[in-house]
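Undergrad: Kindly generate the corresponding structure for this input.
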Amino acid sequence: MANSPSDGMDGKLSNQEVLQRLSLSAGRERQGSLSDLDPRAAHPSLGLTGGIISATFCIQQSLMYRKGSDWTWSQRHGGSSQFDSFKYLASDKSPWNHTLVGWTGEINPVEDLTPPDTPPLGAHPIQSQPPQNRVPYNKSSAPVPVDGVTMPPTPVENEGLFITSEDRQRLEKQLAHQKHGKVFPVWLCDDADTNDDGSICLKDQSRWRRFAEHELYTLFHYKQHEPTNGRQERQSWADYYRMNQKFANRILEVYKPGDIVMVHDYHLLLLPSMLRQRVPHMNIVFYLHIPFPSSEFLRCLPRRKEILEGVLSANLVGLQSFSYTRHFNSCCTRILGFPSTSAGVEAYGARCDVGAFPIGIDARNVEKLAFDDSAVDVKVAALRKLYTGKKIIVGRDRLDSVRGVAQKLMAFERFLENFPEWREKVVLVQVTSPTSVEEEREDSGNKIAANVAELVAKINGLYGSLSFSPVQHYPQYLSQEEYLALLRVADVGLITSVRDGMNTTSLEYVVCQKENHGPLIISEFSGSAAVLDTAIHINPWDMNTVAENIRLALEMPADRKAELHYSLSDYIFKNDIQVWTKSLIRTLITKIGSNNNAFATPLLDKASMLVQYRAAKKRLFMFDYDGTLTPIVRDPAAALPSDKLYRTLKALAADPKNAIWVISGRDQEFLGQHLGHIPELGFSAEHGSFMRHPGSQEWENLAEKFDMGWQKEVMECFQKYTEMTPGSFIERKRCALTWHYRPSDPELGERMSRECQKELESTVGKAWDVEVMTGKANLEVRPTFINKGSIAKQLVDSYGKEVGQPPEFTMCAGDDTTDEDMFRALNNSDLDKDHVFTVTVGASSKPTLAKWHLLEPVDVISSIALLGGGDTNVADLGPIAVVEGRNREEMPTKLEALDMVPGAPSTGEGR
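TA: I've put the predicted structure just below:
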């Protein structure tokens, strides 16, 4: 060791899902894509400015400060692919204007940073000493590090670093024109440490990364902490929240309507939500550069809901691989209860698209640096001379527990043990850069380093000699020339990470192997494995199999090595960082374009509705219950009317011009118990099977003459699936049977529901005049002739005959497929279309026959409260709709809304 979309054709997907599938399947090699054109000219209807604001945790400059002087900096380690993407966006090759927003990172006085001497690769071999616990520094360090994770090492903390306002302005001026575009630094400090003159005092600077690196990074890599009293976690969460707020403030200083905001990685998971709340129609992409865990791990995080809700505010969420997208969607369903498909998540009445976008590298630049630099050629010659007659296996990893360095060493030891013919003929050159995970650096970093050093000493003691050590371990950052030279001379690349995002070392290795064609052995737990399909995939925990694959790689015929290499190289060059950047932007444009096309249902025009309402002498209202007047909840029995709903319905029903009906799938008992005390309301229960007219207590059975013999067979089928689906239950109504599976495991419930529906349709559905209806986490069987549409038609006809003319104002609101029957009936009626307001509750993107949409039940209640003269307080209008909603703190009161209606008499109030 040294110190140096076919589903769309049959209606299974929505229009927006089809559009997204098309955008994702178009192929990364589409260089002449939408994103190559001037965005303003190519998409005039979207109102794009051509500006992109990228938010990343740290800027690439590692800053050094001397009061009153120009700032100096060195390049920060980590995140090379991410910064290559920024460089492309700011270049002449991109049509976009790029701005970078990022934290300054820990700032240190110049006099405190003295770079240690770094010996060259191969000098002063030391076999068993662990690396010193110091901050590595190397001005010539490689710009292409081991992976794409932006986790720079934390410098030594300086308490109370005072920075003047003039020096802050000087830095911002220096950063105004960088290769990544204009850089806007985020200054992280407490408000109490900011003076009136703009000067700041930076204290405990590393605390801003603590929650992200201690809680999120470790858990996202499938590691859990021992339980604590929670005090430090509460403080670190507060810092994390404030940090995201400061990022939002900084972005809004430079944001212009029509800009695209790209948020990067786990340090900024709350940022999309904070931006959305302040600018509801902002175009936001969020990309996670590390793995996303399964729901079984994420649910262990105390702030799991806040984290997921923060990310769901983005229009588009990108992850490294399909398995990570599956985990993300599953977490949103299991933890938040939001429905999801492979294309995205329906949250707060809007869709958040989710896709896999494996990140690439700047392959052509890496190739140029590796093969067009004479300094690299000199290093290559020196390394070949140093290891003459030896096969070289190369590995480069961070020295932390998820990189699998210990597994690699143990597998190499097993290789030498099982295949003695290779002893003294092969050398493992392992480069380990220091960990940047705070917990491992402070608590277990020395343990990991000591374990690695012990394994190195053991292998070299067993299989080495005075003149040769089979393991050469370099716990340091290499210079760019040394790193690229090492990749060029290698015969095998060995990646054994036990949990990893996109491992860019594997991509760089392939690029540098255009002469040797050395095979790549990669862990199946790396995010790169999914796209590098012709690499040799291994399970790092299976030492014998890894050892066998090392032998196979070393003994592989030249023609086979060339075949595998060219396949990998072809993928890497066709899917470089520029293509990755274009793909993200193209997919976002497709997403926001779909929200502006004919598929989108407009938001309810309340002003127009109010004008028509006030002019009408006879009005008819028809409301669904679950999902329309009350939110969908896990337990249907808990979906009780709110006090706001009671007051609003009573106020609306008090006007004799209004006829109000609740048309629901609920049974008579539920509707009578919870809403029956409002005598002016009319009810239709079980999707139209029973009716109770206003002012009456008697229910009319519309299905009493229908043969209900089918219920026995349906009950037996439902009971069978209830036994196979823990948590599910059967609701028996007078004319319908409903099987609920919302309390069950979401994936199991959906699968059992599909099987049950198929079985019922092929048996009962053919023998009886019934239909099998899918609802929100339920399956219902009911007579075919009864549906909400027939009730809506009957009500319109009856109210028309009463006075000799139809209702002059009709409003119908619902949220699921059964309510589409009502919308269809009203669309086909003879009513004046301008006087009919059909409203679906949910995203504007969901397919519907309704003319308008509202996001949530609270929006329905506030809309009818506006008509009925109800409560003018808008403080209880519910959570902010995170994608297509408005900031409800800025919504007008009822009286203010009346003043805004054209032609309405002014109230003179509420201004």
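
Undergrad: Only C-alpha atoms from now on, for both contacts and neighbour counts.
TA: Will do.

Undergrad: who's in contact with T104?
TA: C58, I59, Q61, S62, L63, P185, V186, W187 (CA atoms under 8 Å, 6 or more residues apart in numbering).

Undergrad: right, and the fourth one touches G102 too?
TA: No. With contact defined as CA atoms under 8 Å, S62 and G102 do not form a contacting pair (11.8 Å).

Undergrad: C-terminal to the host helix or strand of F621, what's the next element?
TA: Per DSSP states H and E, F621 falls inside strand 619-623. Sequence order places helix 643-653 as the next helix or strand after strand 619-623, per DSSP H and E.

Undergrad: Pairing partners for the next helix-or-strand element following that next one, with directions?
TA: Next helix or strand after helix 643-653 toward the C-terminus (DSSP H and E): strand 658-663. Partner strands and pairing direction for strand 658-663 (DSSP bridges) are strand 619-623 (parallel), strand 681-685 (parallel).

Undergrad: how many degrees apart are the strand holding F621 and helix 643-653 in direction?
TA: Strand 619-623 and helix 643-653 are oriented at 150 degrees to each other (axes from the mean of the first three to the mean of the last three CA atoms, to 10 degrees).

Undergrad: in strand 619-623, what's buried?
TA: Across strand 619-623, burial judged by 16 or more other CA atoms under 10 Å covers R619, L620, F621, M622, F623.

Undergrad: Tell me which two in these are the farthest apart.
TA: R619 and F623 (13.3 Å; CA to CA).

Undergrad: Low-confidence regions, the chain specifically.
TA: Along the chain, the parts satisfying pLDDT under 70 run over 1-37, 111-159, 349, 435-445, 595-599, 800-804, 869-911.

Undergrad: which one's the longest helix in it?
TA: helix 231-254 (DSSP state H).

Undergrad: picking that back up, can you redo the buried residues of strand 619-623 as JSON lines with distance to A843?
TA: Below are those laid out as JSON lines (distance: CA to CA, whole Å):
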{"residue": "R619", "distance to A843": "27"}
{"residue": "L620", "distance to A843": "25"}
{"residue": "F621", "distance to A843": "22"}
{"residue": "M622", "distance to A843": "20"}
{"residue": "F623", "distance to A843": "18"}
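
Undergrad: May I have the beta-bridge partners of L854?
TA: Beta-bridge pairing for L854 (DSSP bridges): V841.

Undergrad: Residue numbering should commence at 36 henceforth.
TA: Noted, 36 is the first residue going forward, which turns the last one into L889.

Undergrad: what about the strands in the stretch 736-885 of the chain?
TA: Using DSSP state E, counting those that start in this stretch, the strands of the stretch 736-885 of the chain run over 764-767, 772-775, 805-810, 813-818, 844-849, 871-876.

Undergrad: Correction: the previous question concerned the stretch 186-335 of the chain.
TA: Ranges of strands in the stretch 186-335 of the chain, per DSSP E, counting those that start in this stretch, are 196-198, 217-221, 235-237, 295-299, 318-322.

Undergrad: cool, and the stretch 486-635 of the chain?
TA: 506-509, 527-530, 555-558, 571-573.
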